[in-house]
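Participant: Take a look and give me a structure for this.
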Amino acid sequence: MIPNREQYGYGYDAYLYTESGPELETELTAKGVKIVKPLNITDYQNREIVIEDCDGRWLALGLKIKK
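Facilitator: Reported below is the predicted structural model:
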């Protein structure tokens with residue numbers, strides 16, 4: 001399977017919803033996982049982190065910010 005960004009020029013290969021963004025970022029960094037985009041607030045108002053898996057796929061982990 002070719003990663004979406006290589007096949008289409010954009011996009012994540014999976015989006016996983018989580019309320020534990022800061023904790024996940026700390027744990028994933030400690031385990032040496034490649035962080036593509038550190039935890040931030042997106043323009044579509046999600047708190048999100050993006051990692052790269054061993055096959056080069058980008059996986060986003062995030063959740064809509066509650067107002």
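Participant: from what I can see Ala60 touches Glu48, true?
Facilitator: Yes - between Ala60 and Glu48 a contact is recorded at 5.6 Å, counting by C-beta atoms under 8 Å. Yep, even glycine has a C-beta here, placed from its N, CA and C like the rest.
Participant: So between those two, which is more surrounded?
Facilitator: Applying other C-beta atoms under 10 Å to Ala60 and Glu48 shows that Glu48 carries more neighbours, namely 22 against 19.
Participant: what helix or strand does that one sit in?
Facilitator: Assigned by DSSP states H and E, Glu48 belongs to strand 46-52.
Participant: Packing partners of the helix ranked longest in the chain?
Facilitator: In the chain, with assignment by DSSP state H, the single longest helix is helix 21-30. Judged by 3 or more C-beta pairs under 8 Å, 6 or more residues apart in numbering; DSSP states H and E, helix 21-30 is in contact with strand 34-41, strand 46-52, strand 58-64.
Participant: any chance of those strands in JSON lines, with distance to Thr18 and mean pLDDT too?
Facilitator: Shown next, in JSON lines, are the helices and strands packed on helix 21-30 (distance: least, C-beta to C-beta, whole Å; pLDDT from 0 to 100):
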{"stretch": "strand 34-41", "distance to Thr18": "11", "mean pLDDT": "96"}
{"stretch": "strand 46-52", "distance to Thr18": "9", "mean pLDDT": "97"}
{"stretch": "strand 58-64", "distance to Thr18": "5", "mean pLDDT": "96"}
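Participant: Distance to Gly11 added to those strands, as TSV?
Facilitator: Below are the helices and strands packed on helix 21-30 laid out as TSV (distance: least, C-beta to C-beta, whole Å):
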stretch	distance to Gly11
strand 34-41	13
strand 46-52	11
strand 58-64	8
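Participant: Any idea which of the ones you listed gets closest to Glu6?
Facilitator: Nearest of the helices and strands packed on helix 21-30 to Glu6, taken as C-beta to C-beta: strand 58-64 at 10.1 Å.
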